[in-house]
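1. Quick one, structure for this:
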Amino acid sequence: MIDIESIVFDTVYKAVKSKFPKAEVKSVYVESAAEFPCVCVVEDDNRTFQKTLDGSLNEHHAELLYTVTVYSNKKNGKKEEARAIAKVVDEAMQGMKFTRIMLNQIPNIDQRIYRIVGRYRAIVSEGLKQSDGKTIYQIYR
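-> Model (predicted):
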(Lines give C-alpha, C1' and ligand atoms only; values in the text may rest on other atoms or scores of the structure.)
Protein backbone atom coordinates (compact mmCIF):
# COMPACT_ATOMS: atom_id res chain seq x y z
CA MET A 1 0.00 0.00 0.00
CA ILE A 2 1.24 3.46 -0.88
CA ASP A 3 0.97 5.51 2.31
CA ILE A 4 1.74 9.24 2.37
CA GLU A 5 -0.73 10.22 5.09
CA SER A 6 1.98 11.51 7.44
CA ILE A 7 3.52 13.59 4.63
CA VAL A 8 0.17 15.17 3.77
CA PHE A 9 -0.73 15.79 7.41
CA ASP A 10 2.67 17.29 8.26
CA THR A 11 2.53 19.61 5.24
CA VAL A 12 -0.95 20.91 6.09
CA TYR A 13 -0.11 21.11 9.81
CA LYS A 14 2.95 23.28 9.19
CA ALA A 15 1.09 25.53 6.74
CA VAL A 16 -1.84 26.10 9.11
CA LYS A 17 0.32 26.58 12.21
CA SER A 18 2.53 29.12 10.42
CA LYS A 19 -0.47 31.41 9.81
CA PHE A 20 -2.76 30.36 12.68
CA PRO A 21 -0.52 29.24 15.56
CA LYS A 22 -3.44 28.71 17.95
CA ALA A 23 -5.29 26.38 15.56
CA GLU A 24 -5.77 22.76 16.57
CA VAL A 25 -4.83 20.45 13.68
CA LYS A 26 -5.91 16.79 13.87
CA SER A 27 -5.50 13.73 11.67
CA VAL A 28 -8.89 12.32 12.65
CA TYR A 29 -12.42 13.60 12.10
CA VAL A 30 -14.14 15.20 15.07
CA GLU A 31 -17.85 15.92 15.03
CA SER A 32 -17.46 18.89 17.30
CA ALA A 33 -14.09 20.44 18.03
CA ALA A 34 -12.97 21.00 21.62
CA GLU A 35 -10.52 23.76 20.65
CA PHE A 36 -11.02 26.47 18.03
CA PRO A 37 -10.13 27.08 15.36
CA CYS A 38 -9.78 23.42 14.43
CA VAL A 39 -8.69 21.65 11.24
CA CYS A 40 -9.20 17.92 10.64
CA VAL A 41 -7.18 16.31 7.82
CA VAL A 42 -8.45 12.79 7.08
CA GLU A 43 -7.48 10.29 4.39
CA ASP A 44 -10.90 9.00 3.33
CA ASP A 45 -9.79 6.69 0.54
CA ASN A 46 -6.58 5.02 -0.58
CA ARG A 47 -7.18 2.64 -3.47
CA THR A 48 -5.00 0.94 -6.04
CA PHE A 49 -5.00 2.87 -9.31
CA GLN A 50 -5.97 -0.04 -11.53
CA LYS A 51 -4.91 1.54 -14.83
CA THR A 52 -1.24 1.05 -13.93
CA LEU A 53 -1.43 -2.53 -12.67
CA ASP A 54 0.80 -4.89 -14.63
CA GLY A 55 1.21 -8.65 -14.80
CA SER A 56 2.89 -8.72 -11.40
CA LEU A 57 -0.25 -7.13 -9.87
CA ASN A 58 2.00 -4.87 -7.79
CA GLU A 59 0.56 -1.51 -6.86
CA HIS A 60 2.44 1.18 -8.79
CA HIS A 61 0.05 4.07 -8.08
CA ALA A 62 -2.69 4.81 -5.57
CA GLU A 63 -5.65 7.16 -5.87
CA LEU A 64 -6.05 9.16 -2.67
CA LEU A 65 -8.97 11.19 -1.34
CA TYR A 66 -8.58 13.58 1.58
CA THR A 67 -11.30 15.44 3.45
CA VAL A 68 -10.38 18.59 5.34
CA THR A 69 -12.83 20.10 7.82
CA VAL A 70 -12.27 23.59 9.24
CA TYR A 71 -14.17 24.80 12.32
CA SER A 72 -14.35 28.31 13.76
CA ASN A 73 -16.42 29.62 16.65
CA LYS A 74 -15.28 33.25 16.78
CA LYS A 75 -18.02 35.50 18.08
CA ASN A 76 -17.36 37.90 15.20
CA GLY A 77 -15.72 36.82 11.97
CA LYS A 78 -16.01 33.04 12.24
CA LYS A 79 -16.82 32.72 8.53
CA GLU A 80 -13.84 34.87 7.57
CA GLU A 81 -11.50 32.95 9.87
CA ALA A 82 -12.67 29.54 8.58
CA ARG A 83 -12.32 30.67 4.96
CA ALA A 84 -8.84 32.09 5.61
CA ILE A 85 -7.74 28.78 7.14
CA ALA A 86 -9.36 26.85 4.27
CA LYS A 87 -7.35 28.98 1.85
CA VAL A 88 -4.09 28.07 3.63
CA VAL A 89 -5.07 24.38 3.51
CA ASP A 90 -6.01 24.68 -0.16
CA GLU A 91 -2.65 26.23 -1.03
CA ALA A 92 -0.83 23.46 0.85
CA MET A 93 -2.83 20.69 -0.81
CA GLN A 94 -2.55 22.17 -4.29
CA GLY A 95 1.16 22.77 -3.64
CA MET A 96 1.46 18.99 -3.24
CA LYS A 97 -0.42 18.63 -6.58
CA PHE A 98 -3.74 17.54 -5.08
CA THR A 99 -6.84 18.70 -6.95
CA ARG A 100 -9.66 20.31 -4.98
CA ILE A 101 -12.89 18.56 -5.96
CA MET A 102 -15.14 20.27 -3.44
CA LEU A 103 -15.12 23.11 -0.92
CA ASN A 104 -18.44 23.88 0.79
CA GLN A 105 -19.78 25.47 3.91
CA ILE A 106 -21.64 22.74 5.79
CA PRO A 107 -24.31 23.80 8.31
CA ASN A 108 -23.35 22.79 11.82
CA ILE A 109 -25.93 21.69 14.39
CA ASP A 110 -24.45 24.22 16.79
CA GLN A 111 -24.95 27.45 14.86
CA ARG A 112 -22.21 29.15 16.89
CA ILE A 113 -19.72 27.06 14.91
CA TYR A 114 -18.91 27.72 11.26
CA ARG A 115 -17.71 24.68 9.30
CA ILE A 116 -16.13 24.36 5.85
CA VAL A 117 -15.39 20.99 4.24
CA GLY A 118 -12.98 20.46 1.34
CA ARG A 119 -12.09 17.31 -0.58
CA TYR A 120 -8.85 16.73 -2.47
CA ARG A 121 -7.82 13.96 -4.86
CA ALA A 122 -4.49 12.86 -6.34
CA ILE A 123 -2.70 9.89 -7.87
CA VAL A 124 0.55 8.94 -6.10
CA SER A 125 3.36 6.77 -7.46
CA GLU A 126 5.01 4.03 -5.47
CA GLY A 127 7.91 5.31 -3.44
CA LEU A 128 11.44 5.31 -4.79
CA LYS A 129 14.08 4.50 -2.18
CA GLN A 130 17.07 6.81 -2.02
CA SER A 131 20.51 5.71 -0.88
CA ASP A 132 19.88 7.35 2.52
CA GLY A 133 16.77 5.17 3.01
CA LYS A 134 14.31 8.03 2.47
CA THR A 135 11.30 7.27 0.27
CA ILE A 136 10.31 9.72 -2.46
CA TYR A 137 6.77 9.78 -3.85
CA GLN A 138 5.51 11.50 -6.99
CA ILE A 139 2.04 13.05 -6.83
CA TYR A 140 0.01 13.62 -10.01
CA ARG A 141 -3.09 15.71 -10.58
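2. Name the residues that touch the lengthiest helix in the chain?
-> When the chain is parsed with DSSP state H, its longest helix is helix 78-95. Residues from elsewhere that reach helix 78-95 (Cβ atoms under 8 Å, 6 or more residues apart in numbering): 8, 11-12, 15-16, 19-20, 23, 37, 39, 41, 66, 68, 70-72, 74, 100, 103, 105, 112-116, 118, 120. (C-beta placed from N, C-alpha, C; glycine too.)
3. and stretch 93-107, how far apart are its ends?
-> Across stretch 93-107, the terminal residues are separated by 24 Å (Cα to Cα, to the nearest Å).
4. now do stretch 46-63
-> Note: stretch 46-63 ends 6 Å apart using Cα to Cα.
5. which SS class is the closest residue to residue 5 other than its chain neighbours?
-> Leaving aside its sequence neighbours, residue 5 sits nearest to residue 43 (Cβ to Cβ, 6 or more residues apart in numbering; 4.9 Å). Following DSSP: H, G, I helix; E, B strand; the rest coil, we place residue 43 in the strand state.
6. what's the neighbour count on residue 43?
-> 15 (other Cβ atoms under 10 Å).
7. Beta-bridge partners for it, please?
-> For residue 43, the beta-bridge partners under DSSP bridges are residue 66.
8. Residue 90: neighbouring residues, count only.
-> Based on other Cβ under 10 Å, the number of other residues close to residue 90 is 19.
9. typo on my end, residue 34
-> Neighbours of residue 34 (other Cβ under 10 Å): 8.
10. contacting residues for it?
-> Residue 34 neighbours (Cβ under 8 Å, 6+ apart): residue 24.
11. Confirm it sits in a strand?
-> No: under three-state DSSP, residue 34 sits outside any strand and is assigned coil.
12. Tell me how far it lies from residue 40.
-> Residue 34 is 12 Å from residue 40, where distance means Cβ to Cβ, to the nearest Å.
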